[in-house]
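Novice: output the structure for:
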Amino acid sequence: MSGLAHLNAIRAFEAVARNGSYARAAKELGVTPAAIGQHVRALEAQLGAPLFSRRDAGPNRLVLTERAKLAAFEFRAAFETIERAIVELGAPSREALTVTASQAFVGKWLMSRLDAFTTAHPSLDVLLDVSDRLVDVARGEAMVGIRCGGGSWPGLAVTRLMGEEVFPVCAPSLRPRRRAALSDLGASGLKLIHDLMQEGTGAFPTWQAWLSRAGMSPPSRGGLVVNSSVAAIQAAVEGSGVALARSVLVQDDIERGLLVRLCPEISFPVAWSYWFVRSRQAEKQPHVRAFRNWIVKRCQA
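Specialist: Numbers count the residues shown, from 1 in each chain. The predicted model follows:
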């Protein structure tokens, strides 16, 4: 026999097996007890075997046969699967937005702010592609990206988010107490932290360039050299020395009192800025526009 041709009978049997009576099964399914009994008898006739060991009286006069117990369990699981599938069919589809950005930008700026966007857009899944590799947004490796650079990437639409400058930072405990000591960091005895990741771009100044711009002496002692901007900032937070940091990446640490800016009178802006990038095709999608509008507003705050 074809099982699918007897779904109503199977449904009636499963309800009786679970409820223990025709009356309760009939109430659940919105039919009469007589209709339930007719379905069960039809199913037994098709199977050529009884489903219940019927007793003459008592509250438990319907007792499932051993084979019927197993079948009832399987039918119940099948109906639950069908119900979940129906719910999924009626549920609104979720959209996904893949955002690529560098480890430093995600860890030191984006992550602490992203919850506000996801809370405002509960049906949108944000997938972060955290990579210092230049992900090919134009070819669809990610839908959108945040990049630090000159603002010209072929095949991409770009929106400037914010500028950048570089200045020295250290833990509050290392800040020189005497103003005079701040006038010459290189000779102050403080260890300088060198960020090879930052210096390797050619867009950000080295310690030597910054000290020269400030009219200060070169370092009088060796420093700490790391190849990660996040690690350089964390080293400064831990009191390992003075880092030459990018303003965007240390903004939150300064506001929390974990770092202090030294020599605020000396400004060293850089040519690079932060940009929101997306392909021409992705730019037309509503959730891409929503993320663009949100991040532009946050960067201007």
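Novice: would you state the strands of the stretch 101-250 of the chain in chain order?
Specialist: Using DSSP state E, counting those that start in this stretch, the strands assigned to the stretch 101-250 of the chain run over residues 124-130, 144-149, 156-162, 166-170, 192-195, 224-226, 242-246.
Novice: show me what the last one is packed up against.
Specialist: Under the contact criterion of 3 or more CB pairs under 8 Å, 6 or more residues apart in numbering; DSSP states H and E, strand 242-246 touches strand 166-170, strand 192-195, helix 229-237. The C-beta positions use only the backbone N, C-alpha and C, and glycine is treated the same way.
Novice: other residues contacting stretch 127-138?
Specialist: 96-104, 106-107, 110, 114, 141-145, 147, 153-156, 197, 277-279, 282 (CB atoms under 8 Å, 6 or more residues apart in numbering).
Novice: which among those end up buried?
Specialist: Neighbour counting by 16 or more other CB atoms under 10 Å classes 97-102, 104, 106-107, 110, 114, 142-145, 147, 153, 156, 197, 277-279, 282 among the contacts of stretch 127-138 as buried.
Novice: just these: which are in helices?
Specialist: 104, 114, 197 (DSSP state H).
Novice: okay, now the closest residue to residue 204 other than its chain neighbours: neighbour count?
Specialist: Closest residue to residue 204 apart from its sequence neighbours, by CB to CB, 6 or more residues apart in numbering: residue 198 at 4.6 Å. Neighbours of residue 198 under the rule other CB atoms under 10 Å: 24.
Novice: gap between residue 198 and residue 293?
Specialist: 30 Å (CB to CB, to the nearest Å).
Novice: and stretch 9-22, how far from the chain's centre?
Specialist: Offset of stretch 9-22 from its chain centre (CA atoms, centre = their mean, to the nearest Å): 45 Å.
Novice: and the gap between residue 14 and residue 68?
Specialist: 10 Å.
Novice: do residue 170 as well
Specialist: Distance from residue 170 to residue 68, by CB to CB: 77 Å.
Novice: same thing with residue 37?
Specialist: Distance from residue 37 to residue 68, by CB to CB: 15 Å.
Novice: and residue 94, how far from residue 190?
Specialist: 51 Å.
Novice: now residue 265
Specialist: Residue 265 is 18 Å from residue 190, by CB to CB.
Novice: and if you look at residue 84?
Specialist: 62 Å.
Novice: looking at the two, which is more packed in?
Specialist: Set side by side, residue 84 and residue 190 show more neighbours around residue 190, with 21 against 10, by other CB under 10 Å.
Novice: I'm done for today, thanks for sticking with me.
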